[in-house]
Each structure stands twice: as structure tokens, then as C-alpha cells.
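>>> need a structure here:
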Amino acid sequence: MPGSLSEVPRRTALVLIAQQGLERERPFFAPLREAGYDLEVVQDGSEAYRRARALQPDLLISEVLLPQMDGLALCRAIRSDPQTRSMPVLLCSVLAAEDRAQEAGASGFLRGPSGPDQLVHTVRQLLTHGTSSRSSGDQPGYCRRTHAG
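Numbering: from 1, shown residues only. Take a look at the predicted model:
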């Protein structure tokens, strides 16, 4: 039937990932690709900020420890830019940086290593609830996941 929902192409969410050491982290990306997300991967915070402004991804995932601009500074830059401030940002680290991530304006934090199911669940949660529905000045709902052990 013309005009039915089944004929409307489904838009795949674009996830921008800022992660150094791409070769060692390929398994990190696989569950997101398998879940159907389009991924754009960069290796430093400055490039992530430029790509976030240019691509307007649905979600930015960044590790905290990055060259050029760390993930916390990247998150603060994203939040201070009117063009990107509503973009959900998920910060990831083996460091205990949950409080600093929240202070920087992150939408969520994963303390790793995280399992693939946890990563995909958190990404889905942020894409569904994100930060785009809050008005400026509201306290965001914060998604915190930590690795047990």
C-alpha cells in the first residue's frame, strides 16, 4: 500500500566513537554494528568535536583518556556549543571517573571493561531518552553503569 510505514526507510542511528588504539578496541565496536548502528570512529578528542559538529550524530561515545582533548573536555565542549549541546554523550573509562563525567555534562558513564550486552543496552537507553527532551537548565537524567569487580 503506497505511503504505508513499511515503505518508509528506517533511519539508522549514527554513533560517533572517540577511542584511541582502534585495533585493540575492534571487539568494542562489533556489538554496536551487530545491533544495526552506523559508526564513525575517530582517535582523538579534537577530531571527535569537529566530527560531532559536522555529522550531528545521534550519540557520541568517548573514552575519558584521549589525545588532543580528553573525553571530559570534549563533553564540556559539546555541552557549551549550541549546535551540539543536546547530543547525548556516553563517557567510558577504566578509571573511576563517574562523578567527573557527570559534572562535565555526560548523559551516561560506563566503567569498563563493559560487556557487549551492557554497552548495547546503555546505547539504546540513551538514544531513547537522551538529552534532547530536556530543556536547558534542567538536570539531565544520568545513566550510570559500572563494571562489577
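
>>> now Asp44, nearest residue through space, not along the chain?
Gln68 (3.9 Å; CB to CB, 6 or more residues apart in numbering). No exception for glycine: its C-beta is placed from N, CA and C like everyone else's.

>>> so how many other residues sit close to the one you found?
16 (other CB atoms under 10 Å).

>>> for it, what are its contacts?
Contact analysis of Gln68 by CB atoms under 8 Å, 6 or more residues apart in numbering lists 44-47.

>>> That one belongs to a helix?
No - under DSSP: H, G, I helix; E, B strand; the rest coil, Gln68 sits outside any helix and is assigned coil.

>>> Below-threshold pLDDT in this protein: ranges please.
1-11, 22-27, 130-149 (pLDDT under 70).

>>> list the buried ones in stretch 67-84?
Residues 68-79, 84 are the ones in stretch 67-84 that count as buried (16 or more other CB atoms under 10 Å).

>>> nope, stretch 47-60 is what I was after
47-49, 51-52, 57-60.

>>> What ranges does the chain have for its strands?
14-18, 38-42, 59-63, 89-93, 108-111, 143-146 (DSSP state E).

>>> do you know how far Ser86 is from Glu34?
Applying CB to CB, to the nearest Å, the value for Ser86 to Glu34 is 27 Å.

>>> Neighbour count for the two, which is higher?
Counting neighbours by other CB under 10 Å for Ser86 and for Glu34 shows that Ser86 has the greater number, 16 against 10.

>>> surely Ala30 meets Pro116?
Yes - in this structure Ala30 lies within contact range of Pro116 using CB atoms under 8 Å: 7.3 Å.
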